[in-house]
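1. Got a predicted structure here, sequence first:
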Amino acid sequence: MALVNVGRAFRGIIGPPMRFALRIYVPQEELDAEYAPAIPRALDPLTGGVNELTEQLTRLTDTSHSPLPPAREPLWTIPFSTAPLAEERFVGGVGDFPVFHAPQRLRRSLRLFSDATLNDGAQLLPLLVPEKQVRDAARKISGELFEPLYTRESAYVVPLAWFSAFTMEDRVVTVHAGHELHRLITPADTAARRVIHGAQIVEDAALVSAGPDAEALSEEAQQAKAFADDLTRLGRWLGTFSPASLVSLDYGSLADRIQPDESPRDMADALELLRDNDQGAATAALRRIFRRWSPLAHLQAAN
């Protein structure tokens with residue numbers, strides 16, 4: 001198990017072959033002063049993604065460099081109007097404004113190392129990165145430690161709970177270098193309300209499945225409760241950001257084969273059916289998501 005945890009930490013550092021991300025973009029006035037010097041040099045997400053990939057490949061091919069990502073990276077920026085629902089916020093003469101995303105890759109990498117240590121992987125970590133490099137890197141990002149994390153990532157598949165934050169109307173398609181880039185983007189507070197509402201529906205369904213004997217939950221009830229917990233944690237994270245913030249679900253290139261992804265619609269159907277106590281039909285809606293994503297999930301097993 002320790003080797004698995006350390007391997008997960010190392011993949012988090014160098015970048016797995018297939019990664020999805022939830023990224024938070026906040027207005028300038030809510031961005032910590034730690035990042036203020038980088039605001040004038042902020043990049044659009046397309047350029048930022050290319051720069052990030054180039055940096056990762058450089059670390060993989062040049063063994064003279066630390067495998068850890070840099071402490072200071074360019075911010076990413078988009079206009080608030082990128083979100084299809086943004087126009088609903090432009091009232092009272094308030095126009096468009098930029099929002100910014102801090103990648104925080106070094107901070108997130110060090111968190112993976114900490115998790116590996118807690119899971120009995122400490123003896124293997126020096127084989128990946130010398131302890132001194134880890135300590136030096138931690139000092140470089142000490143000013144960030146009390147700031148929120150602006151990214152959640154997942155390899156190979158999108159976590160089921162993420163789809164509850166979006167609807168099909170949140171789809172944004174951008175053409176870059178002849179290829180379509182697919183994202184779902186919506187205001188963070190809208191996403192938080194959707195997720196918390198979904199958590200309540202699933203939690204109620206879990207109670208119904210449990211029946212009168214709450215001490216011995218059925219497997220179905222246990223799964224529903226675990227999903228409700230996932231939704232609650234996601235909703236709390238999204239709820240820490242202001243209504244002037246955006247959340248973006250960024251798809252990787254391997255997911256192009258399943259675009260347009262109808263998983264947000266299937267998730268909305270499943271929650272509505274659960275609310276109506278039609279668990280059979282709700283399960284069928286969720287199975288549509290599983291079938292759609294199973295080819296990418298198989299890549300994870302193969303890797």
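-> Happy to help now that I have it.
2. lowest average confidence, helix or strand, in this protein?
-> helix 2-14 (a mean of 50; mean pLDDT, DSSP states H and E).
3. How far away from the center of its chain is whatever helix or strand comes next after it?
-> Proceeding N to C from helix 2-14, the next assigned helix or strand is strand 19-27, under DSSP states H and E. When distances are taken as Cα atoms, centre = their mean, to the nearest Å, strand 19-27 is centred 6 Å away from the chain's centroid.
4. Flag every buried residue along strand 19-27.
-> By 16 or more other Cβ atoms under 10 Å, the buried positions in strand 19-27 come out as Arg19, Phe20, Ala21, Leu22, Arg23, Ile24, Tyr25, Val26. The way it works is simple: take the backbone N, C-alpha and C, and place the C-beta from them, glycine included.
5. For the first one, list each beta-bridge partner.
-> Translated: Arg19. Ala155 (DSSP bridges).
6. Next one: it from Ala155, what distance?
-> 6 Å (Cβ to Cβ, to the nearest Å).
7. With the fifth one instead?
-> Here the distance between Arg23 and Ala155 works out to 16 Å (Cβ to Cβ).
8. try the third one
-> The span separating Ala21 from Ala155 equals 10 Å under the rule Cβ to Cβ.
9. Hmm, Phe90 is touching Ala83, no?
-> No: using Cβ atoms under 8 Å, Phe90 is not in contact with Ala83, being 11.2 Å away.
10. which residues of the protein fall in strands?
-> 19-27, 76-79, 98-101, 151-155, 171-176, 179-187, 246-250 (DSSP state E).
11. which one of the ones you listed lies closest to Arg139?
-> Shortest separation from Arg139 across the strands of the chain is recorded for strand 151-155, at 21.5 Å, computed as Cβ to Cβ.
12. so where's this structure uncertain?
-> 1-18, 91-93, 113-128, 130, 209-217, 253-254, 298-303 (pLDDT under 70).
13. circling back to that earlier point, most tightly packed of the strands of the chain?
-> Neighbour counts (mean count of other Cβ atoms under 10 Å) averaged over each of these peak at strand 246-250, with a mean of 25.
14. That strand packs against which elements?
-> strand 19-27, helix 45-61, strand 179-187, helix 188-210 (3 or more Cβ pairs under 8 Å, 6 or more residues apart in numbering; DSSP states H and E).
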